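Undergrad: sequence? don't have it. structure:
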């Protein structure tokens, strides 16, 4: 009845990079996310609609960026159910070229360890073409497998 | 937009039944690779009743409440001027396939900043027993006239 690794609080130091990943997005990725999430705003798959509202091109859903950015953390702890709190600020759009796509790079580092609560805040940096696209991207995860009652 | 919206609580949304294939589909869409998202046996071995949804899956249920807010007749929100500012999920437990979830939105705050309005909406998501699962909080920025 356990999932994932147990992490000792004293093994973690603020600033340690614990996980990361590269996520190549294509227009196909956006259509897939639209269908899975139910967000069919056409600025995420139609160039003409994006242009008509003054955008430089089709954008990735902010919620797609948020959704994938936490995955390296989930893989690190080994259980999506150990993410207790997750927040982001959307600061810059991710333009997805029809041919080239777009690559998001995620780096996850230790923010603050709360040994008493048995949690660690992981701070995420997500970049596209070298620029950060999320601000205050923080996930609080439990250090040990939670006794599941689900 | 209408500042009197602060404190307004909307009607609970109809129950949303979390499907196993929907969880798998959403997991693939957000590049999730944990077996607990897709493999029932792995999820059960970890103590869950069924496959576990990725953290941001709650937005699928929350979305129904945001539609209520944006279509509220006296809200004065022009949908074409809305930009997603912030998003947060605060969990009591993860969502798993088989959950029947109901969401209730309340308008936590409305602020004005340089001609724009910022509305913070909290959607409280509970299971079929009424127990809290997750609160999804969005701040939407409504751009003013330029």
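TA: Arrived safely. Note that this is a predicted model, so its numbers are computed, not measured.
Undergrad: can you name every helix or strand that the longest strand along chain A contacts?
TA: Taking DSSP state E as the criterion, chain A has its longest strand at strand A:102-114. Applying 3 or more C-beta pairs under 8 Å, 6 or more residues apart in numbering or on different chains; DSSP states H and E, one finds that strand A:102-114 makes contact with strand A:17-25, helix A:62-69, helix A:71-77, strand A:119-128. Backbone N, C-alpha and C define where each C-beta goes, glycine included.
Undergrad: where in chain A is pLDDT low?
TA: Residues of chain A meeting the criterion pLDDT under 70: A:1-2, A:147-150.
Undergrad: now the strand ranked longest in chain B, how far from the chain's geometric center?
TA: The single longest strand within chain B, with elements called by DSSP E, is strand B:100-113. Chain-centre distance of strand B:100-113: 10 Å, with C-alpha atoms, centre = their mean, to the nearest Å.
Undergrad: kindly report the same for stretch A:76-93.
TA: That offset, for stretch A:76-93, works out to 6 Å (C-alpha atoms, centre = their mean).
Undergrad: could I get the buried residue list for it?
TA: A:76-91, A:93 (16 or more other C-beta atoms under 10 Å in any protein chain shown).
Undergrad: low-confidence stretches in chain B?
TA: For chain B, the stretches with pLDDT under 70 are B:145-146.
Undergrad: thinking again about what came up before, inside helices: which ones of the buried residues of stretch A:76-93?
TA: The helices, defined by DSSP state H, take in A:76, A:77 from the buried residues of stretch A:76-93.
Undergrad: near chain B, from the buried residues of stretch A:76-93?
TA: Contacts with chain B within the buried residues of stretch A:76-93, as defined by C-beta under 8 Å from any C-beta of the partner chain: A:78, A:79, A:80, A:81, A:83, A:84, A:85, A:86, A:87, A:88, A:89, A:90.
Undergrad: is chain B contacted by the longest helix along chain A?
TA: Longest helix in chain A, counting residues (DSSP H): helix A:27-37. Yes - using C-beta under 8 Å from any C-beta, helix A:27-37 comes into contact with chain B via A:29, A:32, A:33, A:35, A:36, A:37.
Undergrad: just the buried residues of those residues.
TA: Here, 16+ other C-beta under 10 Å leaves A:29, A:32, A:33, A:36, A:37 buried among these.
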